[in-house]
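Q: No sequence on hand, only this structure:
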C-alpha cells in the first residue's frame, strides 16, 4: 500500500487533503507533518514513505530550500510540491530542483486523482492549465546549474552546507552532526569543490538563493 506524507503547517488543510487522499487511494497510509522538522522526524522513523506532498511555504522550509534538502538527503522519496501560489517561474524552479510534480491547492478531486496516479507511477505531473506556460520557457541556466551542483553533494555534505548557511562554525557543525572536526573540514573541502565556490559566504549564498517570499505572509503598506 502506498505511504504518503502531507507536510503543511495548516492543520485544517492537512485534514482536508488527508481525507481526499484516502478517498482517492483507498489503501493509502497517510501521515502528516506540520513543519519540515517533523517531516524529517517521520523520514528518520519510516523508510517506506513513497511520496511527500510538500507545502512550498512552511515557516521552516524557506521556499525551495526544504525541497533541495529532501532531494539531497532522501533521494529515493518522490516529492510533489503543493501550493496556493502557482506562478510558472516558481514551478519551473521547483521542477529544476527535483520536484516530480506541482499540485495547486485549488485542485479538485479529479485533478488530485490524476496527480497521484502519475506520481505513484513515477511520472511527472502539472495541471493542464499551467503546463503550457511552464514548458514555454525552460528553467534559467543559473537554476539548472545550481541544481546540478547541489545534487552532486552527498546527504552529509548537504547537512554541513545547511549549517554553514545558518552561520555555524566548524566546531558547532561537528557537535550538531556528531562527527569529528576533521570530518567537517573534509566535507567543507569537498562541497567547496563540488559547488565551485571559494568560501563559506559563496556557499551560503548558493543555498540562500532558494529562499522564496511567501505572498500570503507579505504585507503591503499604503
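A: That came through fine. All values derive from a computational prediction rather than experimental measurement.
Q: Quick check: chain neighbours aside, which residue is closest to the residue nearest the centre of the chain?
A: By Cα atoms, centre = their mean, the chain has its centre lying nearest to residue 67, at 1.2 Å. Spatial nearest neighbour of residue 67, excluding adjacent residues (Cβ to Cβ, 6 or more residues apart in numbering): residue 97 at 5.4 Å. (Each C-beta comes from the backbone N, C-alpha and C, glycine too.)
Q: for the helix or strand containing residue 6, packing partners?
A: Using DSSP states H and E, residue 6 maps to strand 3-7. Counting contacts by 3 or more Cβ pairs under 8 Å, 6 or more residues apart in numbering; DSSP states H and E, strand 3-7 packs against helix 11-24, strand 29-33, helix 36-45, strand 51-55.
Q: ok, 6 Å please
A: In terms of contacts (3 or more Cβ pairs under 6 Å, 6 or more residues apart in numbering; DSSP states H and E), strand 3-7 is packed against strand 29-33, strand 51-55.
Q: Now mean neighbour count, mean pLDDT and distance to residue 122 too, for the ones you listed, in a markdown table please.
A: As requested, the helices and strands packed on strand 3-7 are arranged in a markdown table below (neighbours: other Cβ atoms under 10 Å; pLDDT from 0 to 100; distance: least, Cβ to Cβ, whole Å):
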| stretch | mean neighbour count | mean pLDDT | distance to residue 122 |
| --- | --- | --- | --- |
| strand 29-33 | 19 | 94 | 19 |
| strand 51-55 | 25 | 93 | 10 |
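Q: Give me the below-cutoff pLDDT ranges for this protein.
A: Along the chain, segments meeting pLDDT under 70 span 212-222.
Q: that older thread, minimum distance to residue 162: which of the helices and strands packed on strand 3-7 has it?
A: Nearest to residue 162, of all the helices and strands packed on strand 3-7, is strand 51-55, at 16.3 Å by Cβ to Cβ.
Q: who touches that closest one?
A: Outside strand 51-55, the residues that touch it by Cβ atoms under 6 Å, 6 or more residues apart in numbering are 4, 5, 6, 7, 8, 77, 78, 79, 80, 81, 82, 119.
Q: Give me the distance between that strand and the centre of its chain.
A: A distance of 8 Å separates the centroid of the chain from that of strand 51-55, by Cα atoms, centre = their mean, to the nearest Å.
Q: That one pairs with which strands, parallel or anti?
A: If you go by DSSP bridges, strand 51-55 pairs up with strand 3-7 (parallel), strand 78-83 (parallel).
Q: right, so of the ones you listed, which gets closest to residue 197?
A: Smallest distance to residue 197 across those (Cβ to Cβ): 25.3 Å, for strand 78-83.
Q: tell me which strands and helices whichever helix or strand comes after the closest one is in contact with?
A: Using DSSP H and E, the helix or strand that follows strand 78-83 in sequence is helix 88-96. In terms of contacts (3+ Cβ pairs under 6 Å, 6+ apart), helix 88-96 is packed against helix 128-136, helix 141-151.
Q: Tell me what angle helix 88-96 forms with helix 128-136.
A: Calculated by axes from the mean of the first three to the mean of the last three Cα atoms, to 10 degrees, helix 88-96 forms an angle of 80 degrees with helix 128-136.
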